[in-house]
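Colleague: This is a predicted model, with the sequence first.
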Amino acid sequence: MTCTKSALFCELLLTAVAARAGSSGTLAEAEEDIIAHFAQIRSCAAVITTVETAESGDGATARAETQRRIEWMRKGDGFFYRAESKARTTRTTGGAGTTEETTATTVSDGVQVVTLSERNGEKKATRRKADVTTIPDIRTMLNELRKDHVLSRRSDLTVGVDDCYVIQVTPKDLQGSEISHTVIYFRKDIGLDVRTVVYGKNNKPIYTSTTTDIRLNPDLTPDRFVVVLPEGVKLEDQTDQR
């Protein structure tokens with residue numbers, strides 16, 4: 001799923017996108033079609049690759065690349081969700097650089113989320129309430145975005161070989177945001193968002209998320225959405241934190 005509220009997330013690489021004829025309908029019509037196609041998917045597995053960069057006034061830079069293998073399946077009106085991620089973050093200050101690698105496994109039953117992460121050899125486990133980042137539902141995502149953003153439809157595009165609806169998301173409070181706008185590409189045939197590009201105040205891309213290796217309706221069972229904590233790792237309960 002996508003988040004446009006972070007000021008740090010950024011992008012470097014985009015695959016080629018070929019422009020098609022302009023959109024032939026309204027935003028509401030596009031959303032209705034996206035949600036209808038998404039509703040046909042019972043389960044899904046995919047790889048989401050994100051690239052984010054940041055630069056400060058003193059010349060310091062940061063770049064984070066994350067590959068996340070996700071799986072989800074419907075559970076009544078809700079979702080089971082699992083993500084296994086590997087992240088590599090490089091920071092440069094005054095010509096000197098440092099690199100940090102992090103791995104994490106996140107599972108959700110739609111009510112709570114448990115994450116087991118490892119950074120610099122240290123393992124940590126947390127539990128929190130499920131939120132939009134672990135609920136792979138298109139309607140929920142669009143409704144969440146509308147709270148603080150204005151949505152508009154742009155010309156349809158072809159991403160690779162896939163025809164996509166293109167929706168622009170603009171913060172209602174531009175002065176208080178580090179983001180000028182976000183562009184989300186939804187595949188018309190399946191209703192999944194397959195690319196997200198976030199633009200900073202200078203209208204340059206600062207974050208890109210690309211979804212590949214999509215498998216629709218794989219055989220998944222609820223026991224796939226459980227994480228077993230290693231011996232000695234205690235679960236930190238953050239369900240009451242906001």
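Modeller: Perfect, thanks for sending it. Numbering: from 1, shown residues only.
Colleague: Please count neighbours and contacts with C-alpha atoms only from this point.
Modeller: Will do.
Colleague: Now do the same for Thr170: its pLDDT.
Modeller: On the pLDDT scale, Thr170 is placed at 97.
Colleague: and it, what does it touch?
Modeller: Listed by Cα atoms under 8 Å, 6 or more residues apart in numbering, the contact partners of Thr170 are 149-151, 180-182.
Colleague: That one pairs with what?
Modeller: With DSSP bridges applied, Thr170 shows beta-bridge pairing to Val150.
Colleague: secondary structure class for Asp173?
Modeller: Judged by DSSP: H, G, I helix; E, B strand; the rest coil, the three-state class of Asp173 is coil.
Colleague: pLDDT weak spots in this structure?
Modeller: Applying pLDDT under 70 to the chain flags the ranges 1-24, 242.
Colleague: Strands of this structure, start to end?
Modeller: 17-19, 43-55, 61-75, 78-93, 96-108, 112-119, 122-129, 149-159, 162-171, 179-187, 193-200, 205-216, 235-237 (DSSP state E).
Colleague: Got a PyMOL select line for the buried ones in the contacts of Thr170?
Modeller: Selection of buried members from these for PyMOL, criterion 16 or more other Cα atoms under 10 Å:
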select buried, resi 149+151+180+181+182
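Colleague: Check the contacts of Thr170 and tell me the two furthest apart.
Modeller: Maximum pairwise distance in those, criterion Cα to Cα, is 12.8 Å, between Leu151 and Ser180.
Colleague: What's the separation between the nearest residue to Thr93 once chain neighbours are set aside and Thr90?
Modeller: Nearest residue to Thr93, sequence neighbours excluded (Cα to Cα, 6 or more residues apart in numbering): Ala60, at 4.6 Å. Here the criterion is Cα to Cα, to the nearest Å. By it, Ala60 lies 11 Å from Thr90.
Colleague: How about Arg127?
Modeller: 28 Å.
Colleague: What of Thr105?
Modeller: Separation of Thr105 from Thr90 (Cα to Cα): 21 Å.
Colleague: So for the two, which sits in the more crowded spot?
Modeller: Applying other Cα atoms under 10 Å to Thr105 and Thr90 shows that Thr105 carries more neighbours, namely 20 against 15.
Colleague: Where is the longest helix in this structure?
Modeller: Using DSSP state H to define each element, the chain has its longest helix at helix 27-38.
Colleague: Buried ones in stretch 166-176, by neighbour count?
Modeller: Those buried within stretch 166-176 under the rule 16+ other Cα under 10 Å are 166-171.
Colleague: same question, stretch 203-218
Modeller: By neighbour count on 16+ other Cα under 10 Å, the buried set for stretch 203-218 is 205-211.
Colleague: do the same with stretch 144-163
Modeller: For stretch 144-163, using 16+ other Cα under 10 Å, the buried residues are 145, 149, 151, 153-154, 156-159, 163.
Colleague: Equivalent analysis for stretch 83-99, please.
Modeller: 83-87, 89, 91.
Colleague: now it: how far from the chain's centre is it?
Modeller: 19 Å (Cα atoms, centre = their mean, to the nearest Å).
Colleague: hmm, who's touching that stretch?
Modeller: Residues outside stretch 83-99 that contact it (Cα under 8 Å, 6+ apart) are 59-71, 100-107.
Colleague: Repeat that for stretch 63-71.
Modeller: Residues from elsewhere that reach stretch 63-71 (Cα under 8 Å, 6+ apart): 10, 43-54, 81-91.
Colleague: Give me the angle between the longest helix of the chain and strand 179-187.
Modeller: 50 degrees (axes from the mean of the first three to the mean of the last three Cα atoms, to 10 degrees).
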